[in-house]
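Asks: can't give you the sequence, but here's the structure:
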């Protein structure tokens, strides 16, 4: 029998948010493709004017970001990576955001998101500390 435990790090409880979406070129992510809870996402073309950038906004405020990882899932081979960029912590009046860019290895530059296709998804996992207090 497999033993499952709560997630701990240095004695503090953490919150894990996982999600994914299918990009649709430079347009917003395909709304019906968004999986996961606790976040929303817009493309850079809408969110900041930069093609190849997605902006995740978390729906709750957390004390701090511990870890963030993202990947691209392709139906065919490609030379692009999903790369985390600027994280902006929550404030009294704003929710936290995380930027992800579509990095093209061969061009050494940010590339536009590919159009939606079978098995093409941006996947992420974010780990947050729930409290600024060390042992909560």
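Replies: Perfect, thanks for sending it. Note that the structure is predicted; figures quoted are calculated from it, not measured.

Asks: please enumerate the strands of this protein.
Replies: 8-9, 12-21, 35-36, 39-43, 53-58, 64-73, 80-88, 97-104, 109-110, 121-129 (DSSP state E).

Asks: could you dump those strands to JSON lines with mean pLDDT?
Replies: Formatted as JSON lines, the strands of the chain follow (pLDDT from 0 to 100):
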{"stretch": "strand 8-9", "mean pLDDT": "53"}
{"stretch": "strand 12-21", "mean pLDDT": "84"}
{"stretch": "strand 35-36", "mean pLDDT": "92"}
{"stretch": "strand 39-43", "mean pLDDT": "87"}
{"stretch": "strand 53-58", "mean pLDDT": "88"}
{"stretch": "strand 64-73", "mean pLDDT": "87"}
{"stretch": "strand 80-88", "mean pLDDT": "82"}
{"stretch": "strand 97-104", "mean pLDDT": "82"}
{"stretch": "strand 109-110", "mean pLDDT": "75"}
{"stretch": "strand 121-129", "mean pLDDT": "89"}
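
Asks: which of these is buried the deepest?
Replies: strand 53-58 (a mean of 22; mean count of other Cβ atoms under 10 Å). C-beta here means a position set from N, CA and C on the backbone, and glycine is covered the same way.

Asks: in its sheet, what does that strand sit against?
Replies: strand 39-43 (antiparallel), strand 97-104 (antiparallel) (DSSP bridges).

Asks: the closest residue to residue 22 other than its chain neighbours and residue 87, how far apart?
Replies: The shortest distance from residue 22 to any non-neighbouring residue, by Cβ to Cβ, 6 or more residues apart in numbering, is to residue 33 (3.7 Å). Separation of residue 33 from residue 87 (Cβ to Cβ, to the nearest Å): 23 Å.
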